[in-house]
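Undergrad: Need a 3D model of the following:
(chains A and B)
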Amino acid sequence: MLDPKYIRENVEAVKVNAQSRQVSVDIDAFLELDEKRAKQLKTVEDIRAKRNAIADAMKDKDVEDRSSKIEEGKALKEKLTKEEETLKKTEVEWASLLHRIPNRTHLDTPIGGTDEQNVEIRKAGKIAKQGKTHEELVGHLIDFERGAKVAGSKFYFLKNELAILEQAVLRYAIDFAMKEGFEFMTVPEMAREEVLVGKGFLPRGPETQVYFVEGEDLALIGTAEIPLLGYHMKETLSEEDLPKKYVGFSHCFRTESGSYGRESSGLYRVHQFAKVELFTYALPEQSEGLLEEFVRLEEAFWKSLNVPYRVVDCCTGDLGGSDYRRYDIEAWMWTRNGGEGGYGEVTSASNCDEYQARGLGIQVKKTNGERVYAHTLNGTMSATPRALIAILENNQNADGSISIPEILQPYTGFATIKK
RNA sequence: GGAGAGGUGACAGAGUGGUCGAAUGUGCCAGUCUUGAAAACUGGAGUACCCUCACGGGUACCGAGGGUUCGAAUCCCUCCCUCUCCGCCA
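TA: Numbering: from 1, shown residues only, chains lettered A, B, ... in the order given. Okay, the predicted model is just below:
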C-alpha cells in the first residue's frame, strides 16, 4: 500500500497515476474518508484520554467522589463504544480503498493501456522459418482428457520424457539462481488471506485468481512470491543483511477465471504449474539495480536454452497493483497466434519498491539508526510448463524430434525426445 | 484428531484488577575511571499514529480478536502459534 501521507500530499499525481494504470479507484472518496477517519480517531482518542484520567484518579482507593467518578466513567464508556464503532466502520472502508490505490510508477515506464503497448527493449536469438506446436510435437506425452477427468479442464498429466524434462528445467533453474548467490527454499503452498492482501491484491475481489480452501483461512498460492514475501513480514531487517536474495520453488494455482479461449491453447494457460521464483529484499537504493540484475539472469537463462526471446518494458496499463516497474521476457512460441508463432510471456521481473513492505510491516533498521521500509523484488527464474513450450518448440528438428539443449542433458539423462 | 503446559521488551525472566510501557539480570549506547581495554560506577535506550515551529503532550501495542469492569499484561470467550504425551500417517 501507499503511504496515506503521500496520497494526501500528492493528490493529482496519485489520480493521474491510477488512471494511466487503468485502475478505477475514487481518490476523492478516499480523501474524504481519510479526513473523516482522522476526525473520528481524534474523538476516540480524546475520550480514551478522559477515561484514563478518571481511572488514574481512582487508583487512590479513598478518593472523595468515588461513586460520581464511576458514573462519569460509565457514561464515557458508553460514548466510547459508540464512537469506536463509527471509527471502525470508516476504517474498514478507508483501508479497502487504500489497498486499491496502485503503486507509484517509474518515470521511464511507457504509458499504455494493455500489453500491446509494452515496449520492446531487446531481442535475442534466431527464430526458425517454421515450426510445429508443442501439441503437435509431444501431444502423446500430455494427457488433457484424463487431467480433466480427475480435476477439470486445464489440468493435465505430463508423461515420461516430458515429465522428466520438466523436472530437469526446474532443477537447472534452481542451480542457475544458486550460483548467483540466491538462497534456495521450498515454501508453503498455501497462505493466509492476510499475506495475500499484503502481496497487493484483494483475493475476495471479483477478478480473483485464487483457490480458497473450504473452512480454512487459507488459499492455494498463485506464486511463491506470496510465501517468500510473507517470510519476513512484521520483521525489521538489518541494513548489513541486505540484499537478501531467495529463490523459491513452488507449485502455483490459478483459477484463470474468464480467460478461456484467450490464447489458452495447449499448456500455455493452465490451472496448476511449477515455478522457480527469485525474490529479494533490498535497501531502497539497491532495488533499481537489482531489477536489472534479475532481467540479466533471466536473459542468460533463455540464451542457454537456445530460446529466442525479447524483453519488454511493461506499460502502465499492464502493471500489477504493487509493481513500480516491470520487465517481462517473452519467448518465441509456435503455439501463439493459432500456430503462426509469436512471443509469449515466460518470465516477469518486478520492482515493488516499498509498496508491499509497507503493507506487511517489513522495515530495515539502517546502521545510522534510521528506519525505512524494505524494497521487494520478484522475478521468474522459470515456470513450467510454459518454459517447456518454449524449449520444445525452439529445439525441434525437421523430423519432429526434439534436441534437448546441451546444458539440460545432465539433468534429463537423454539428448532427444523422439517423435 | 485427543490430553496437558505455555506465549511478556534484543534475550532470559518477574508480574493474577489500579502505584505496570511493564521489576530484575544479560546484552546494547553514552559517560566517569584507564595509556588502551576489561572491571566497577553513572546515565540512556521500544514501535506506530496524532497534536506542536519547538519544548513537550496524547492514543495504541504484554501472540491476535472479542467480552467483563469506572479501570485489564492480569478475569472470561474465540482463534493462532509453540512444547510434551497419545493417535494417524509420508
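Undergrad: in stretch A:29-43, what's buried?
TA: Neighbour-count burial for stretch A:29-43, with 16 or more other CB atoms under 10 Å as criterion, is recorded at A:Phe30, A:Leu31, A:Leu33, A:Asp34, A:Lys36, A:Arg37, A:Gln40, A:Thr43. C-betas here are computed from N, CA, C, even on glycine.
Undergrad: Show me what stretch A:18-27 is in contact with.
TA: Stretch A:18-27 is contacted from outside by A:7, A:11, A:14-15, A:97, A:100-102, A:105, A:111, A:113, A:316-317, A:319, A:321, using CB atoms under 8 Å, 6 or more residues apart in numbering.
Undergrad: ok, now which ones touch A:Ser234?
TA: That one is not Ser; residue A:234 is Lys. A:Leu360, A:Gly361, A:Ile362.
Undergrad: Buried ones among the residues you listed?
TA: Using 16+ other CB under 10 Å as the threshold, A:Leu360, A:Ile362 are the buried ones among these.
Undergrad: Please convert the contacts of A:Lys234 to JSON lines, extending it with distance to RNA strand B, secondary structure and pLDDT.
TA: Shown next, in JSON lines, are the contacts of A:Lys234 (distance: CB to the nearest atom of the strand, whole Å; DSSP: H, G, I helix; E, B strand; the rest coil; pLDDT from 0 to 100):
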{"residue": "A:Leu360", "distance to RNA strand B": "13", "secondary structure": "helix", "pLDDT": "90"}
{"residue": "A:Gly361", "distance to RNA strand B": "8", "secondary structure": "coil", "pLDDT": "89"}
{"residue": "A:Ile362", "distance to RNA strand B": "12", "secondary structure": "coil", "pLDDT": "92"}
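Undergrad: follow-up on the earlier one: tabulate the buried residues of stretch A:29-43 (TSV), appending secondary structure, pLDDT and distance to RNA strand B.
TA: Converted to TSV, the buried residues of stretch A:29-43 look like this (DSSP: H, G, I helix; E, B strand; the rest coil; pLDDT from 0 to 100; distance: CB to the nearest atom of the strand, whole Å):
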residue	secondary structure	pLDDT	distance to RNA strand B
A:Phe30	helix	95	14
A:Leu31	helix	95	13
A:Leu33	helix	94	14
A:Asp34	helix	94	10
A:Lys36	helix	94	13
A:Arg37	helix	94	9
A:Gln40	helix	94	12
A:Thr43	helix	94	11
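Undergrad: Of those residues, which is the nearest to A:Ala331?
TA: Relative to A:Ala331, the closest of the buried residues of stretch A:29-43 is A:Phe30; by CB to CB it sits at 39.8 Å.
Undergrad: pLDDT wise, what is the nearest residue to that closest one once chain neighbours are set aside at?
TA: In space, not counting the residues next to it along the chain, A:Phe30 is nearest to A:Leu97; the distance is 4.5 Å by CB to CB, 6 or more residues apart in numbering. A:Leu97 carries a pLDDT value of 91.
Undergrad: you'd agree A:Leu97 is up against A:Leu33?
TA: Yes - the pair A:Leu97 / A:Leu33 is scored as a contact, 6.4 Å apart, by CB atoms under 8 Å.
Undergrad: Contacts only, for the residue in the stretch 201-350 of chain A that RNA strand B sits nearest to.
TA: Scanning the stretch 201-350 of chain A for the residue nearest RNA strand B gives A:Asp217, at 7.2 Å (criterion: CB to the nearest atom of the strand). A:Asp217 sits next to A:Arg192, A:Glu193 when contact means CB under 8 Å, 6+ apart.
Undergrad: do that again at 10 Å, thanks
TA: Each residue near A:Asp217 by CB atoms under 10 Å, 6 or more residues apart in numbering is listed here: A:Met190, A:Ala191, A:Arg192, A:Glu193, A:Glu194.
Undergrad: Does the helix or strand where A:Thr81 lies pack against any helices or strands, and if so which?
TA: Here A:Thr81 sits within helix A:66-100, counting by DSSP states H and E. If contacts are counted by 3 or more CB pairs under 10 Å, 6 or more residues apart in numbering; DSSP states H and E, helix A:66-100 sits against helix A:4-9, helix A:27-57, helix A:193-199.
Undergrad: could you dump the last one to PDB, C-alpha only?
TA: Just to be clear, that refers to helix A:193-199. What follows is helix A:193-199 as a C-alpha-only set of coordinates in PDB (Å, rounded to 0.1, in the frame of the first residue of the first chain):
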ATOM      1  CA  GLU A 193      -5.500 -14.200   3.500                       C
ATOM      2  CA  GLU A 194      -3.500 -11.600   5.400                       C
ATOM      3  CA  VAL A 195      -0.500 -12.500   3.400                       C
ATOM      4  CA  LEU A 196      -2.300 -12.400   0.100                       C
ATOM      5  CA  VAL A 197      -3.600  -8.900   0.800                       C
ATOM      6  CA  GLY A 198      -0.100  -7.800   1.500                       C
ATOM      7  CA  LYS A 199       1.000  -9.000  -1.800                       C
END
